[in-house]
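Peer 1: A predicted structure for the sequence below; I have some questions about it.
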Amino acid sequence: MWALRAVASQLTRAQSTGVAATYLRNVRTLGGGMNPFLRRNYSDEAKDASASEASKEAFLKKWAEVAPSTLDPPSFASEFAAKSEKPADGAPVPSKLTFNFYLPHEKPYSAAEVDMVLVPAVTGDFGVMPGHVPTAAQLRPGVLTVQEDEGTSKKFFVSSGFAFVHADSTADVCAVEAFPVEDLDAATVEAGLADYTAKLASATSGGDDYEAAAAQIGVEVYSAMNAAITDSK
Amino acid sequence: FFWTSMFARSLCRSTFRVSQASALRYERAAPLIPQYQQQRNATSLKELKNRMNTIKTIQKITSSMNKLATSRLKAARERNEDLAQPFLEINMAFLKGNGMEEIVVGDEVPKTKPKELVIVVSTDRGMCGATNSGIIRNVKSLLLANRGESEYYLAIAGSKAASGLKRDFIKYYHTNVQELGKKKLSFVDVEPLITVLSEVTDYDRLRIVANQWESVVASRIVHRLLPNPKNMIDEMKESYYGYEYDNTEEAELFQNLQEHLTACIIYGCIIENQAVELAARMNSMDNATNNAGDMHNNLSLLYNRTRQAGITTELSEIIAGAASVQEQD
């Protein structure tokens, strides 16, 4: 899973900081060794929306030369994706946050008006209220708290994912797996934690990177579940 | 006697001019001798009957495929509208129309050719109208449009596009993932396609080609573009997205972000493609059933006319023979 890979990549990078540091240095100074002309095009075009229209026209022209006449040209995402609307500078901040919480198999919240959301990000928890600066954050296994009104708040344990806060006081949390904290079973969590701690010990001594990464993830997740249970007591 | 029988046959021929085309076809097979004509009629009748039975069987098959697709379509549409569309929307929202269109190959001659990773979403089973053929033609045109200027990697979901593209573009072919969504699609199933992202790291941008649901009778093909995470770093990110990213290590964050976006978009596209496939299959099998019915009706008319013409021929021969015997008396 990409989540596995994500943490795995973090782990392996943590183990080989020397390589990572040089890589980042190269990225910053030499433009990442990427095609310089392409880099220039991206940033230039991003600043100017009409340039991307022009590039689309150019693509469609080249397309029309080779495509059969009965074939429709493809559509692009910008034609149907809603344009982001930055609110005017002096506009008042909305009183409630529009919150979307999506999982691949269900939607716990869809365009719900809530007061605040506490997001467990990799860099630490942060709270999202209306008027929050636009952010994109990676989630770690932890508890997502949704404060709907003054009194009611719901807690969900999320495995991993991403949270986006947009400029118009909308928050989107897209998680791979999540469920209410009440559904956590203390006994299973303790058993799992012990199991993965043992696996981690054996894997690090054995020297298999993949196994070590997987065990590390297991330990992280179960520790977070443990913390969630103890917090909610 | 010979003259009378020939005259009788010409009379018969004038009566069944309608079935002349098929009758002539069968006539070429056997010489125009009276005793063969009866045999010919019998043979042609049997062949016609065979053909009619075949068409009836085909009609039953297409009709059952139509009913099956119709029954599954409702659930697939609901999954698409409730899960896939919103999922796609919030993950595409991050790239909300921010200039992710085609990059013009500029005046500067690049040192290396731009490389693109193309992820193609298709189905495993056929008989679904233009769902797969449209995608295949679209991707072929894409690969031909920039031939010589760009390099491509093809990661294909579904066996139909793989067989359609492997032959002409084997040098671009990278992976094929099949049997996606045979059981209910789960998020984990897109993992083989995401591992391609870690195997192929030197692409400049990522393009996902998939069908988009418009209505029960219509769909269109959409290209969704994502940049290489290495291109998202530094000055790119601010002008590009206007989002803040805390203090995370940017290289990792963008790698993870891009994997997340790709996985979610592919997941949504596959669910959407399932709905498009079922609707197309429903429509095409419905048309096939109607066509088979029409063919069967036409053949049935032809069969009856041929049969009646045969009877008329026999009757006229008997009558002519009887008349000639009477004359002799």
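Peer 2: Perfect, I can see it now. Keep in mind that this is a model prediction, so the values were computed, not measured. Residues are numbered from 1 along each chain as shown, chains lettered A, B, ... in the order given.

Peer 1: tell me the pLDDT of residue 90.
Peer 2: The chain I'm using is chain A. Model confidence at residue A:90, given as pLDDT, is 68.

Peer 1: not quite, I wanted chain B
Peer 2: For residue B:90, the pLDDT comes out at 79.

Peer 1: was I right about it contacting residue A:102?
Peer 2: Yes: using CB atoms under 8 Å, residue B:90 is in contact with residue A:102, at 5.9 Å. No exception for glycine: its C-beta is placed from N, CA and C like everyone else's.

Peer 1: anything in contact with each of the two?
Peer 2: A:172, A:174 (CB atoms under 8 Å, 6 or more residues apart in numbering or on different chains).

Peer 1: where does residue A:93 fall, phi/psi-wise?
Peer 2: phi -80, psi 130 (degrees, to the nearest 10).

Peer 1: how's chain A carved up into domains?
Peer 2: Listed domain ranges for chain A are A:97-183, A:186-232 (source: the TED database).

Peer 1: ok, residue 143 - contacts?
Peer 2: I went with chain A, as the question did not name one. Neighbouring residues of residue A:143 by CB under 8 Å, 6+ apart: A:118, A:120, A:155-158, A:181, A:224, A:227-228, A:231.

Peer 1: you answered for a different chain; I wanted chain B.
Peer 2: Neighbouring residues of residue B:143 by CB under 8 Å, 6+ apart: B:118, B:152, B:169, B:172.

Peer 1: next one: residue A:65
Peer 2: With contact taken as CB under 8 Å, 6+ apart, residue A:65 is in contact with residue B:145.

Peer 1: look up how far residue B:114 lies from it.
Peer 2: In this view, residue A:65 and residue B:114 are 18 Å apart by CB to CB, to the nearest Å.

Peer 1: what's the weakest-modelled helix or strand in chain B?
Peer 2: helix B:235-241 (a mean of 45; mean pLDDT, DSSP states H and E).

Peer 1: that should have said chain A, apologies.
Peer 2: One helix or strand of chain A scores below all others by mean pLDDT, DSSP H and E: helix A:17-30, with a mean of 36.

Peer 1: which of the domains of chain A sits most buried?
Peer 2: Most buried of those, by mean neighbour count (mean count of other CB atoms under 10 Å in any protein chain shown): domain A:97-183, with a mean of 19.

Peer 1: average pLDDT across that domain?
Peer 2: On average, the pLDDT along domain A:97-183 is 89.

Peer 1: ends of it, how far apart?
Peer 2: Counting by CA to CA, to the nearest Å, you get 26 Å between the two ends of domain A:97-183.

Peer 1: which residues touch stretch B:172-191?
Peer 2: Contacts of stretch B:172-191 (CB under 8 Å, 6+ apart): A:1-2, A:104-105, A:176, B:118, B:124, B:143, B:151-159, B:162, B:165-166, B:192-193, B:196, B:199-200, B:263, B:266-267, B:270-271, B:274.

Peer 1: remind me which helix or strand residue A:191 belongs to.
Peer 2: Assigned by DSSP states H and E, residue A:191 belongs to helix A:186-206.

Peer 1: next, the angle from the helix or strand just after that helix to helix A:186-206.
Peer 2: Later in the chain than helix A:186-206, the nearest helix or strand by DSSP H and E is helix A:209-232. Orientation note: helix A:209-232 sits at an angle of 150 degrees relative to helix A:186-206 (axes from the mean of the first three to the mean of the last three CA atoms, to 10 degrees).

Peer 1: quick one: is helix A:209-232 near chain B?
Peer 2: No: contact between helix A:209-232 and chain B is absent, the nearest approach being 12.8 Å (criterion: CB under 8 Å from any CB of the partner chain).

Peer 1: now that helix, how far from the centre of its chain.
Peer 2: With CA atoms, centre = their mean, to the nearest Å as the basis, helix A:209-232 stands 19 Å off its chain's centre.

Peer 1: show me what that helix is packed up against.
Peer 2: Identification of packing neighbours for helix A:209-232 by 3 or more CB pairs under 8 Å, 6 or more residues apart in numbering or on different chains; DSSP states H and E yields helix A:2-15, strand A:142-147, strand A:153-158, helix A:186-206.
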